[in-house]
Each structure stands twice: as structure tokens, then as C-alpha cells.
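Trainee: Everything below, folded, please.
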Amino acid sequence: MLIVRRGLSKVRHQYFMFVPQQTITYIQEYLEDRVKQGEELSKDSPLLGFDPRGVKKNRFLRTALVTRDIREAILRAGFNWRPYVLRAYCDTNMIIAESKGKISHPYLQFIMGHKGDIEARYSTNKGVLPPDMIEDMRKSYRECEPFLSTATQPLEQSTIIKEAKIEALKSMAKSILGIDLLDVKVAKERQIGRELSKDEELELYERELKKLREGKHNPQRIIHEKELEKYLAEGWQFVSVLPSCKILIKKH
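Mentor: Numbers count the residues shown, from 1 in each chain. Purely as a prediction, here's the structure:
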């Protein structure tokens, strides 16, 4: 369980959430490495800080520096996203988990830090949620882990994970880039004359986002009807009208 203080909450109320086992594993490995380097850990040791051994007075990282480090990690991975995208990824996949019956809507609202039924009923700033409710929330979160984890999943979970990744990519492409990846899928299926498998759909979306990230131009483009005349004048060729009523064009 992680406690989010009022000062770190957008709505200025304290709440808590959980982290998946994958995160716990990474933390354990990190702490074991610090012990190997000679550090003596205690319950007062900062998890992340300027000086884990406590030689300097200010050992703890400020929020701005945590944000900076996350931004740098995202850039090193080849993306140009704000750290908030990580929250959007979590939110999207938790909504998918909710649709699969893994977690209730009030629990999801609470864990994501929104004010909802639980916040209205209990004074969470004083930590007075019933212990049985906290444990039930923990159990529900555990059911959602396959939708959040990036580690290898058992075979029976693979389809669910692919669906979650596909939905997350579609959501991020729409919110950040303004692109509807469903149109890209329909165009590809029309080109090859069959439906894409989940693996092919996921590969298509990842490839399309990589092109956009690298600034490479696709010989096909999806446009609005009002843009058609301009593109035809520039040498583009009409292909078809998509279900979204947008138009697929391509270069000669």
C-alpha cells in the first residue's frame, strides 16, 4: 500500500493505492544492491534520495526532481511523453480490468485518487476506512495485476494482456497525438483483404506510433473530407471512405 498525501493530490485529499508484485520485485532488488554496497537500511531510510546513506542533510528527492528523472527515463526509451502518460496508461488498463469484472467502479475511483462514493462516505484523511474494505480493495487490485504488468504472463492471460495493450495504445494515440488507430487498422485490413489477428494489430499500432515518433511519413494518410481537395491537388490519390467517415488517401 502507498499513501498519497494531501499535498500531492490534485483534489487535495489523502488516499492510498497499491503496487503490483512486479514493482515490489524491482524495489527488493534495488534495496539488496544498496546493502551489497555497504549501506545499512532502516525504516527511516529514503527509498530514493540524493544521498541514501544520509551523509547530506537533505536526503530526500523533491517532486520536481522525481519528475525530471522520469522524463529522462522516458526520453532514453525513445519517447517524448509527459510523465502523466504513465498515469493514463494505468487508468486505461484499470478501466479495462473494471469492464472484465476485476474491480468495482467505487474502488477504481478511490485508487485513482478521484472523489467518489468512498470519499463521500468515509473521512479518508483520517485513515478510517474499515480494515475489511481495505483488504477487499487489495484483493481486487491483485486481480488487476495482469492488466498493469509488463512482465511475461502465463499463456491463458496472454490474450487479455494483448487486448489491454491495444486499448492503451489506442487511448494514448487519441489523447496525445489526436490519431484514431482504428482507422489505421481498417485501412490495413482493406489492403490485405482480411481481419488482423491480435498480434498483427498490436504490431501495426506499435509500428505506426514508432513512425510518428521518428517523423517518418506513411505513404497512406487518413484525412477529413474538407481536406481532400487540397491533397488531391498535391498528387495524393483517393482510396476509400472509412467507417469513421474519414477518407483514406495514398501517394501515387
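
Trainee: And the contacts of the helix or strand hosting P146?
Mentor: According to DSSP states H and E, P146 maps onto helix 131-148. Applying CB atoms under 8 Å, 6 or more residues apart in numbering, the contact partners of helix 131-148 are 1, 17-18, 20-22, 90, 93-94, 96-97, 102-104, 107, 110-111, 153, 157, 160-161, 164. All C-beta spots, glycine's among them, are computed from the backbone N, C-alpha and C.

Trainee: any idea where the helices of the protein begin and end?
Mentor: 21-36, 63-76, 84-99, 105-111, 117-121, 131-148, 158-172, 181-192, 198-214, 228-233 (DSSP state H).

Trainee: elements contacting the third one?
Mentor: It refers to helix 84-99. On a contact count with 3 or more CB pairs under 8 Å, 6 or more residues apart in numbering; DSSP states H and E, helix 84-99 meets helix 105-111, helix 131-148, helix 158-172.

Trainee: Dump the first one to PDB, restricted to CA.
Mentor: C-alpha atoms of helix 105-111 as PDB (Å, rounded to 0.1, in the frame of the first residue of the first chain):
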ATOM      1  CA  HIS A 105     -16.100   1.300 -10.000                       C
ATOM      2  CA  PRO A 106     -16.000   2.900  -6.500                       C
ATOM      3  CA  TYR A 107     -12.800   1.100  -5.700                       C
ATOM      4  CA  LEU A 108     -11.300   2.200  -9.100                       C
ATOM      5  CA  GLN A 109     -12.300   5.800  -8.400                       C
ATOM      6  CA  PHE A 110     -10.600   5.700  -5.000                       C
ATOM      7  CA  ILE A 111      -7.400   4.100  -6.100                       C
END
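
Trainee: Okay, V35 and K43: tell me how far apart.
Mentor: The spacing between V35 and K43, counted by CB to CB, to the nearest Å, is 14 Å.

Trainee: Neighbour count: these two, which is higher?
Mentor: Per other CB atoms under 10 Å, whichever of V35 and K43 has more neighbours is V35, with 10 against 4.

Trainee: check contacts around the residue lying closest to that one once chain neighbours are set aside.
Mentor: Using CB to CB, 6 or more residues apart in numbering and skipping the chain neighbours, the partner closest in space to V35 is L41 (6.3 Å). L41 is in contact with L31, R34, V35, counting by CB under 8 Å, 6+ apart.

Trainee: Now flag whichever of those residues is closest to A168.
Mentor: Of all the contacts of L41, A168 sits closest to L31, with 29.5 Å by CB to CB.

Trainee: Pull the contacting residues for the closest one.
Mentor: L31 makes contact with L41, according to CB under 8 Å, 6+ apart.

Trainee: 6 Å instead, please
Mentor: The contact partners of L31, by CB atoms under 6 Å, 6 or more residues apart in numbering, come to none.
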